[in-house]
Structures are given as structure tokens and as C-alpha cells.
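1. What would the 3D arrangement of this be:
(2 chains)
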Amino acid sequence: MKARAASVLVGCLALLLAAVLVGPQLRGAEGHFIIWQLRVPRVLVGVLVGATLGLVGAVFQALFQNPLATSDTVGTTAGATLGALFALSLDSSKTVQGLPLVTVCAFAGALGASLLVASLASSKRAHSSDVLLAGIAVTLATSALASGIQYIADSRALFAATQWSLGQLPQVGYRGVLLLAPICGVACLLLLLLTRPLQAFALGEELAHSQGVNVPRLRLFALGLGSLGVAACVAWCGPVAFVGLIVPHLVRRLLGSGYRVLLPMSMCVGAALLVGCDLFARSIVPGRELPVGIVTAALGAPALVLLVARGRRT
Amino acid sequence: MTPLEYRDLSVQIGERTLLDGLSLHVPPGDFVALIGPNGAGKTTLLKTALALRAPSKGSVLLGGKPALELPARVRAEKIAWLPQHLRADEPVTCLESVAAARFRFHEGHAASLKVAESALARVAASALAARPITELSGGERQRIAFACLIAQDADILLFDEPANHLDPAQQLEVYRLLGELWREGHTVVCINHDVNLLHQVGDGARVRVVGLGKGRIGFDTKLTDGALPRQLGELFGLEMESLKGSAQRFIVPRHRSSP
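-> Numbering: from 1, shown residues only, chains lettered A, B, ... in the order given. As a prediction, the model looks like this:
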């Protein structure tokens, strides 16, 4: 078991290294710039976003006791999309405190939508299935609002919104890293501290309650922290599909699923998977880059089907 | 040690009355077997003590305090539960599942694992330790649930039909274990459908059989009491017969003649 975890870790690290090194023009000042100002920050952001999406996916699947739950089950992506559309329909070049208005609005939208769901979840009477339904309701409502904005927005804003919604990692310099690192770092660290109650949750919500877990409080913490981390990621990179859904399933297949393994390893595998997909996205078509969101979705969907089909052993 | 007391407890959901002004006192060290027709409110009675369901009227007291007002960890120290169904969708190993039942203790993972190992040994399930809980048979899963209960180490143990869906050998084993835990000093409240299995617990003169019908207590007698067959008959609307076995008395329903 430990050997397997170690080999998965080594594989993840090798992938990260490859993502920095693969590609032309590595010599001189230009090469220096490409490596340190383009590739390294891009990989770092990929690591932060991938790790957060992977971990939050695993936590939400445990929390909702539903293998289809993901980091945007509670309406995070829908809220972010609404925020981004709103900003783009106003003026795409505006900034707030040096940050693009799109990022700020997407963050606010994502956090608003998911905290609305989280506050419902913390009510003592709510069951996990109620929270799931609330998430779906909030997603539908925000999507309707977004469609309304799309209907009245001009074509330039629509094009920009489509671009944003594909999910991309490219960036120059370390601003994204500095923005995401504290938010994602704190959210992930605190989520990892919930390993023990989440493990008790695995045998059922009511049994966990009888074993001493304060269920409403656990739900509020996990949803709040998870939403915060994901909101930051979505705001900076746009929605990246499938990572939060597929990573926990992948880790379960590779390493089994005590939460003490599942949660940290979902972070590592999530980081490596996103960076790997991004490497693929920027190398597959010569001279052009694909948005990584397209690659994760294109690879993720069949991979998930395969995992589920082969995973049915009992 | 924690006494469990139901005081004039009523539970209603919408128009339906699940429990109707019920009072029952379970002092520390008692063994109470709850018996009654389906829908009599047996499971509800257990769930109110676990603060999983709120009383509409009256109260459930754990050590003199309302169960709903206790902090989750404190409650878990006083009362534990073996549910009718153990949810097992996530392929966690049995050892980790049992270790998770130690949640109420402020201890490291290594300490939890150690207790979990000895709990698994108690239920003769050490061989299952590394198996995912999703791959177990019904009897094996019930052993793991027992191990969880042992690991949680609460004063009062609640069992919801612990022998459900088990073969006769496993049923006897479950009730033998129940008796063992009782003699160690735990208070036991156990829902069951077959009074004859209760003899496996041992010390029948101290086993209380409490009949529950339509949300009220019908009777509260000892397992060895001569009135039990008649009381059971009235509770289920059947004629009961007492048969003498080699070691115990069996109470069985008399077959209705077919029309």
C-alpha cells in the first residue's frame, strides 16, 4: 500500500517536472523568461487548482454520500459563470484593485451561490439529499439569470464569456499563484483536518451522528471551506470540468479508500492530472493552445465511464 | 453509568402519531428487549434517545439531561447504536471503519487502530480487518457493526433488530455477544422479533421484555414470567403456545387453520 502510494507520488512529481521542461526554446534570456515567467507559474497555478478541485471533490462525495457529487454540486460553477457574464456584459477591460472585474465578479458569484446552499445545509433538519437538491435549485436559478444576461448582452461579451467558460491556465508572472496560494492553501489544510469526522460519515450520516459527529457543523465547515477554495480557482481560471469528479474515483481505484489516504492523495493526483492535461493541451496542436477545460472534459468523460464500468466488482 | 428515561414521550410526524405519551425507565445495567408489531414505534423510541428525532411532547433523559441538549461527543459517550442497516457504499477497510467509531475520543489514529484491532478480535473478525466493508456478507457486516459499537464504548447500547437477515448460527452468535456486553456492565436496549432468541443472552430472570403497541407500552415483564405468552398473544393479536424444549421454554404462535 505504502509502496503504491509512493509510486503514484513519484509519477505525479515526474509529470510536474515534465510540464516545466517539455517544449522548445530553453536557452538564453528568452528561455529563462519562458521557464520562470510562463511555465513555472502556469504549473504552480495548475497544481493549486488541481489539488483544490481534487480534494473538494473527494470531500463533497463523502459529505453527500454520493459518488456523483463534485466541487460544483453546490452551485459554485453556476454562480461563477453568472458573475463572469455580468462583468463581461458591463465592460471586460475594467479592473478592481488591479484585478480584472471578471475575476472579482466570478469569485463573488461562486461564493454567493455556494454559501446560500451551505447555509441551508447547516440547518439542523436538513439531510444530505436536501442539500443536494438545494444545490441543483441554486444552479438552475443562476443559470436562468445567466441566460437572461446572455440574451441581452452584445456578441463581443458573449464571445469573451465563452472563452472564459472553457477554463485555461496560461499566465505571465506570479500574480495568480500569490492570489490562489493563501486561499486554496488555507481551505485545503482545514479540509484535511476534517478527515476523522468524514471517515465516520462513510457508514452513514445517522451513525456518524450517534458516534459523536456534529453533523450540521461538519456540513457547514466542509461546504464553506470547499466553496471558498473552488470559488477562487474558478474565478482565476474559469471552470475546469471533471477534475473534481474523476480524481477521487481514480484514487479509489489506485489506492483504495480510507479517507486518510483518499483526501491527501486526491490533492496530489488532482494537481498532476490538471497539469498533465494542460501539458497535453498546449502540445497537441503545434503552434496553438487548447483550453485545458476542453481536454479535461474530453478525456474525463470516457475515463469516468471506463472507471465505473471496470470498477463494479461486487 | 447513565440511566435512560422516557417521560411522557410523544412523537408525531404530520398527522401520524409514532409514540403516544410513553414512559419507560431503564436504570443502568438493565437488559430491555423491545418487542412489538411493525410500525409500533420501536425504532422511533431508539432514535429519540440518540437525538436523531425530536420529541413532540415529553422528554428523553440521558443521565437526567434531555438527549437533544447534550453536545454530540458527550452524548456519544453515554449512548451508542447498532442501526438496522449499515450503509456501506464506500470501500473503506473494516479496520478503518471500526477505528472511525472512536471519534468521541481525543486520541491519535494509532491508538484508534489499536482499539479497533481488539474490537475486531472480540467479534472474531480479525481476518476481515483489511477487507473493504463493501465486500462483506450480511453476517460479516453485522460483526463489523458490533465491533464499531464495542470501539465506541458507550454506557448504553441500542440494538435495532441485530439478528435481522442472519442465518440461525449467526443469530445465536449475535445474542451471545449481546449477553457478553451486558454482563460487562453495559445497559442494553434491543429491538427483536423473536423472544426465544433472548434465552441465548443468559440470566433470563433479569431480562425485561417490553411490549410496544401503537406507540404505547403494552407490558413490561421478565423473560421467564409465566404471563409472557398470553401478553405476547394479545400484543400481536395471535394465540401463543408455550412449548417445553430441553433447555428452555419456546413461545410460538399457534398455526391458524386454513379456511
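
2. For chain B, what is the nearest residue in chain A?
-> With Cβ to the nearest Cβ, the shortest gap between chain A and chain B falls at A:Gly212, namely 3.1 Å. Bear in mind the C-beta positions are built from the backbone N, C-alpha and C, glycine included.

3. The closest residue to that residue other than its chain neighbours - how many residues pack around it?
-> Spatial nearest neighbour of A:Gly212, chain neighbours left out: B:Ala76 (3.1 Å); criterion: Cβ to Cβ, 6 or more residues apart in numbering or on different chains. Residues lying near B:Ala76 (other Cβ atoms under 10 Å in any protein chain shown) number 26.

4. Verify the stated contact: B:Ala76 with B:Ala101.
-> No - shown here, B:Ala76 and B:Ala101 do not form a contact pair, counting by Cβ atoms under 8 Å, at 9.2 Å.

5. Please identify every residue contacting each of those two.
-> A:211, B:152 (Cβ atoms under 8 Å, 6 or more residues apart in numbering or on different chains).

6. still on that earlier bit, three-state assignment of the residue of chain A closest to chain B?
-> coil (DSSP: H, G, I helix; E, B strand; the rest coil).

7. list the contacts for it?
-> Here A:Gly212 is in contact with B:72-73, B:75-77, B:103-104 (Cβ under 8 Å, 6+ apart).

8. Among these, which lie within strands?
-> Within the contacts of A:Gly212, no residue falls in strands by DSSP state E.

9. Give the buried residues for stretch A:165-179.
-> Across stretch A:165-179, burial judged by 16 or more other Cβ atoms under 10 Å in any protein chain shown covers A:165-171, A:176-177, A:179.

10. Save these as TSV, and put in distance to B:Arg141 too.
-> Formatted as TSV, the buried residues of stretch A:165-179 follow (distance: Cβ to Cβ, whole Å):
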residue	distance to B:Arg141
A:Ser165	45
A:Leu166	46
A:Gly167	42
A:Gln168	47
A:Leu169	45
A:Pro170	50
A:Gln171	50
A:Gly176	48
A:Val177	47
A:Leu179	47
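
11. can you tell me which of the residues you listed are in helices?
-> The helices, defined by DSSP state H, take in A:165, A:176-177, A:179 from the buried residues of stretch A:165-179.

12. Identify the farthest-apart pair in these.
-> Farthest pair in those (Cβ to Cβ) is A:Ser165 and A:Val177. Separation: 22.7 Å.

13. between the ones in helices among the buried residues of stretch A:165-179, which is nearest A:Leu223?
-> Set against A:Leu223, the nearest of these by Cβ to Cβ is A:Leu179 (22.1 Å).

14. low-scoring pLDDT stretches of the chain, where are they?
-> You didn't pick a chain, so chain A it is. A:1, A:24-26, A:92, A:124-125, A:257, A:311-314 (pLDDT under 70).

15. My question was about chain B, not that one.
-> B:257-259.

16. Identify the residues contacting the residue of chain B at minimum distance from chain A.
-> As assessed by Cβ to the nearest Cβ, chain A sits closest to B:Ala76 within chain B, at 3.1 Å. Residues in contact with B:Ala76, defined by Cβ under 8 Å, 6+ apart, are A:210-212, B:103-104, B:152, B:154.

17. Could you export these as a markdown table, including distance to A:Leu82?
-> Below are these laid out as a markdown table (distance: Cβ to Cβ, whole Å):
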| residue | distance to A:Leu82 |
| --- | --- |
| A:Ser210 | 40 |
| A:Gln211 | 39 |
| A:Gly212 | 39 |
| B:Phe103 | 38 |
| B:Arg104 | 42 |
| B:Gln152 | 45 |
| B:Ala154 | 48 |
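
18. Show me just the buried residues among the residues you listed.
-> Looking at the contacts of B:Ala76 with 16+ other Cβ under 10 Å, the buried ones turn out to be A:210-212, B:103-104, B:152, B:154.

19. what ranges do the strands span in the stretch 151-259 of chain B?
-> B:156-160, B:187-191, B:207-213, B:216-222, B:240-244, B:249-253 (DSSP state E, counting those that start in this stretch).

20. In a markdown table, list the ones you listed along with distance to chain A and mean neighbour count.
-> Formatted as a markdown table, the strands of the stretch 151-259 of chain B follow (distance: least, Cβ to the nearest Cβ, whole Å; neighbours: other Cβ atoms under 10 Å in any protein chain shown):
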| stretch | distance to chain A | mean neighbour count |
| --- | --- | --- |
| strand B:156-160 | 8 | 24 |
| strand B:187-191 | 13 | 24 |
| strand B:207-213 | 21 | 21 |
| strand B:216-222 | 24 | 16 |
| strand B:240-244 | 34 | 12 |
| strand B:249-253 | 32 | 16 |
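
21. Of all those strands, which one is nearest A:Glu205?
-> strand B:156-160 (15.7 Å).

22. My read is that A:Leu158 contacts A:Ile152, right?
-> No - counting by Cβ under 8 Å, A:Leu158 stays clear of A:Ile152, with 10.5 Å between them.

23. These two - which one has more neighbours?
-> A:Leu158 (16 against 8).

24. Ignoring the adjacent residues along the chain, who's closest to that one?
-> Sequence neighbours aside, A:Gln150 is the residue nearest to A:Leu158 in space, at 6.3 Å (criterion: Cβ to Cβ, 6+ apart).

25. repeat for B:Leu82
-> Nearest non-adjacent residue to B:Leu82 (Cβ to Cβ, 6+ apart): B:Phe159, at 4.7 Å.

26. Can you show me the strands along the stretch 51-200 of chain A?
-> A:95-96, A:99-100.

27. Just name the most buried of these.
-> strand A:99-100 (a mean of 16; mean count of other Cβ atoms under 10 Å in any protein chain shown).

28. Just the residues contacting stretch A:17-31, thanks.
-> Contacts for stretch A:17-31 (Cβ under 8 Å, 6+ apart): A:34-35, A:39-40, A:42-43, A:46, A:275-276, A:278-279, A:282-283.

29. Output those residues as TSV; include the columns neighbour count.
-> As requested, the contacts of stretch A:17-31 are arranged in TSV below (neighbours: other Cβ atoms under 10 Å in any protein chain shown):
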residue	neighbour count
A:Ile34	17
A:Ile35	15
A:Arg39	20
A:Val40	15
A:Arg42	24
A:Val43	23
A:Gly46	26
A:Val275	27
A:Gly276	23
A:Asp278	29
A:Leu279	23
A:Arg282	20
A:Ser283	13
